Each structure stands twice: as C-alpha cells, then as structure tokens.
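> here's my sequence, what's the structure:
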Amino acid sequence: MFEAFVTICMLAAGPVSPLPGETCRIALLPGFAAETQATCEHASRLAARQPAGVKAEGLPFCALRPRSALAFSEAAPGVFVHRGKVAEPDPANVGDVSNIAFVVGSRGIAVIDAGGSRKVGEEIYLAIRERSTLPITHLILTHMHPDHVFGADPLREAGAAIIGHANLPRALADRAETYRANFARLIGEAAFLGSQVPVPDGVIAEPEMIDLGDRVLELRAFPSAHTASDLTVFDRTSGILFAGDLLFDTHTPALDGSLRGWIAALSRMKGFSARRVVPGHGGPLLDWPQAAEPVERYLGALEADTKRALDDGLALGPATEVIGRSEADRWLLFDLFNPRNATIAYTELEWDP
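Just a heads-up that it's a prediction; the model follows:
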C-alpha cells in the first residue's frame, strides 16, 4: 500500500524551495492510500493539500507505507493502547508523552487522544492502518492539554470527527498561542512542524454514545477537575475505561482545574462498571477502581496540607514548599508538577470559611 507525503517547511519570505538553514521535514498526508504509486500520486496532486501553517516544497509524492514508530499493544480484542513516555516533551520524544488508544468496531474506528505533535498524529494513523482498513470516524480528546491534542490534524484529514467536552473549544482557543509557542520550544521546530491546535467538530455536556458498529463507547463530561474540559470514554465491550488525565500512574498528577472537583470526579468514576482503566499517563492498563487509590491519596494530601498551611498563616510561597511533600518519593517529575499543584490548591482553598 502507498501513502502520500509532502515536504513541509516553516513559513518564510522568499521562494518555495527551502532557504539555507530553513526547517523542513517530510509529512504524511492521510487520505490518499492506494494500491499503486500512480493512483496515490494522482489523487494527492489533484487535492493539492498540505498541512496548515507551513509551506510545501514541491508536489506531494507517494511511497510505500512505512511502519509506525509508535508501539501499540492489544489490551483487549479491538482495543489498542500506546504508553506515552513519562517525561517532559523534548526533541527526542516529539511530544509523545501521553497515552493514546484506538477502538475498532465493525464499521469504524475511534481514536482517544492524539499526542503532542502532528508527527505523533501521523504515526497514530500508520499504526491504525497496520491493523485495519476501516474508516477512522472519531477522534475523542479527553481534555485540552497540548500533549493530548496537537496530533489531531492527520486524524481529521483521515476522516475523523473531533469530539470533546463542551468547554474544550473555548479552552483551546484561549490558550492556542501559548500552547504553540511552548510546545515548539520544548520539542523543537522540526518536530513541531505542521502541528495545530484543533477545532472540535462536536462537543458533549451530557452523556453521549458513539456506535462504532457492534461496539458502543460511552462518553461522559465532568465539571472542573483535572481541567475544566475533562471527559472519559467507556468501552462497553471490553469493560475498559479511558480516563484521560483524571487518572495518573507513576507520573505526578497535574492539577489545572479544581482540587475538590477532581476528588469528586474520581469518586463518581469509581461507580462506573469498568473492570480496567487506561490512565492519561503511565500504566497503560490498570485494574479499576484500585488504580484510583494513589491519585486519591495524593489529592487528599494536597487538600490536608493546604488547609494546614492556611491555618498556620503561611503565605503562598512558603506553603508551596511543604504542601504535598509527603508524596515526593511516590511519583516521577514531582518537583516539576507539585509546586504548580500546590499553588492551585492554595488559591482554591484560601477563601474557604
């Protein structure tokens, strides 16, 4: 099978061909797969498509489909899961620092989260095509954070409708420029080329079902918790819950919403009929509801320590040095994320009566 590719470069003044020192890379263009190179090239050149935010050097070309660089394991029949690296985004991992999954029904495929760059999204597409020729009908984004959304465009180009929480469009629009600048800096311009903040095609506020054909996914939206845009996905067939970043394993939980809302969300999720769970980081497949216990313990420590710091009259700066410290040896990246979590917890609880 052949796939279409194009050389993309950063937008710059001057001719289309790369300038000295200009950043370029070869990008996959989903949607033009064909049995022959000629058929693939004819279709891709007629479409004249290229990723947004970049310029193309020359016409698209076609080559034999490469193998995906992302490893997916089959967690259950028709359920494939990739474990992102427990690390900060950098040029070596090109933003592959969060878990990704796809679920195969009899009529279509749903992808759950898209990774942190267009390059990661292209690799997801290739991984899917190694296993199925069914249409990719949905991309479900579990929340707004850039390591889960920047790979969306290749999946949309492959035919997926992007679905998210009702708060997701505004959350992404408000943070688009910051997310672009920060992720380009973290993973490097070459890896980030072609990555765009997605615009969802549909949103949910109430529970909603997606029928993939003989397989139903249940989507549930939550009030502010890990973020203000969290949703979960439950696959009835396998009994697997995809928790997004409402659940962390190994990686220090990251609070960007409401501490008490997150504690309440975990309590609600423990009532779901899931048997296993895919967290947003770590795992990638854990027993449920047992997997909630470490995160509940950590969030409980944040709450108790913040209350104690406020009762003792500690200002924000000194308080962040003690809040949550009892959990330091239990999580990776603790010194990067815990001070931020402590700041948000302190700000949320300081006006309690």
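> mind giving me the domain split of the chain?
2-64, 73-287, 298-349 (automatic domain parsing).
> rounded mean pLDDT for the last one, please.
Rounded to a whole number, the mean pLDDT of domain 298-349 is 97.
> from now on call the first residue 15
Sure, I'll start counting at 15 from here, so that last one is domain 312-363.
> distance between that domain and the chain's centre?
26 Å (C-alpha atoms, centre = their mean, to the nearest Å).
> ok so, going back, pick out the shakiest of the domains of the chain, pLDDT-wise.
Across those, the lowest-scoring stretch is domain 16-78, with a mean of 80.
> endpoints of that domain, how far apart?
4 Å (C-alpha to C-alpha, to the nearest Å).
> same question, stretch 340-355
Using C-alpha to C-alpha, the distance between the terminal residues of stretch 340-355 is 14 Å.
> now stretch 204-222
With C-alpha to C-alpha, one end of stretch 204-222 sits 38 Å from the other.
> flag every buried residue along that stretch.
205-212, 214, 217-218 (16 or more other C-beta atoms under 10 Å). C-beta: built from backbone N, CA, C; applies to glycine.
> please enumerate the helices of the stretch 265-367 of the chain.
Taking DSSP state H, counting those that start in this stretch, the helices of the stretch 265-367 of the chain run over residues 273-283, 306-325, 330-334, 348-363.
> same question, the chain
Using DSSP state H, the helices of the chain run over 51-61, 132-143, 160-163, 166-171, 182-201, 203-206, 273-283, 306-325, 330-334, 348-363.
> any chance of CSV for these, columns distance to residue 91?
Below are these laid out as CSV (distance: least, C-beta to C-beta, whole Å):
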stretch, distance to residue 91
helix 51-61, 31
helix 132-143, 16
helix 160-163, 25
helix 166-171, 22
helix 182-201, 30
helix 203-206, 34
helix 273-283, 24
helix 306-325, 25
helix 330-334, 46
helix 348-363, 35
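> which one of those helices lies nearest to residue 242?
helix 182-201 (6.2 Å; C-beta to C-beta).
> could you list the alpha-carbon positions for that closest one in PDB?
Taking only C-alpha atoms (Å, rounded to 0.1, in the frame of the first residue of the first chain), the coordinates of helix 182-201 have been written out as PDB:
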ATOM      1  CA  LEU A 182     -12.900  22.400  25.000                       C
ATOM      2  CA  PRO A 183     -13.300  24.800  22.100                       C
ATOM      3  CA  ARG A 184     -13.100  27.900  24.300                       C
ATOM      4  CA  ALA A 185     -10.300  26.400  26.400                       C
ATOM      5  CA  LEU A 186      -8.200  25.700  23.300                       C
ATOM      6  CA  ALA A 187      -8.900  29.000  21.600                       C
ATOM      7  CA  ASP A 188      -7.900  30.900  24.800                       C
ATOM      8  CA  ARG A 189      -4.600  29.000  25.100                       C
ATOM      9  CA  ALA A 190      -3.700  28.400  21.400                       C
ATOM     10  CA  GLU A 191      -0.800  30.900  21.100                       C
ATOM     11  CA  THR A 192       0.700  29.900  24.400                       C
ATOM     12  CA  TYR A 193       0.400  26.200  23.600                       C
ATOM     13  CA  ARG A 194       2.000  26.600  20.200                       C
ATOM     14  CA  ALA A 195       4.900  28.700  21.500                       C
ATOM     15  CA  ASN A 196       5.600  26.400  24.500                       C
ATOM     16  CA  PHE A 197       5.500  23.100  22.600                       C
ATOM     17  CA  ALA A 198       7.500  24.400  19.700                       C
ATOM     18  CA  ARG A 199      10.200  25.400  22.200                       C
ATOM     19  CA  LEU A 200      10.000  22.100  24.100                       C
ATOM     20  CA  ILE A 201      10.100  19.700  21.200                       C
END
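> give the buried residues for it.
182-183, 185-186, 193-194, 197-198, 200-201.
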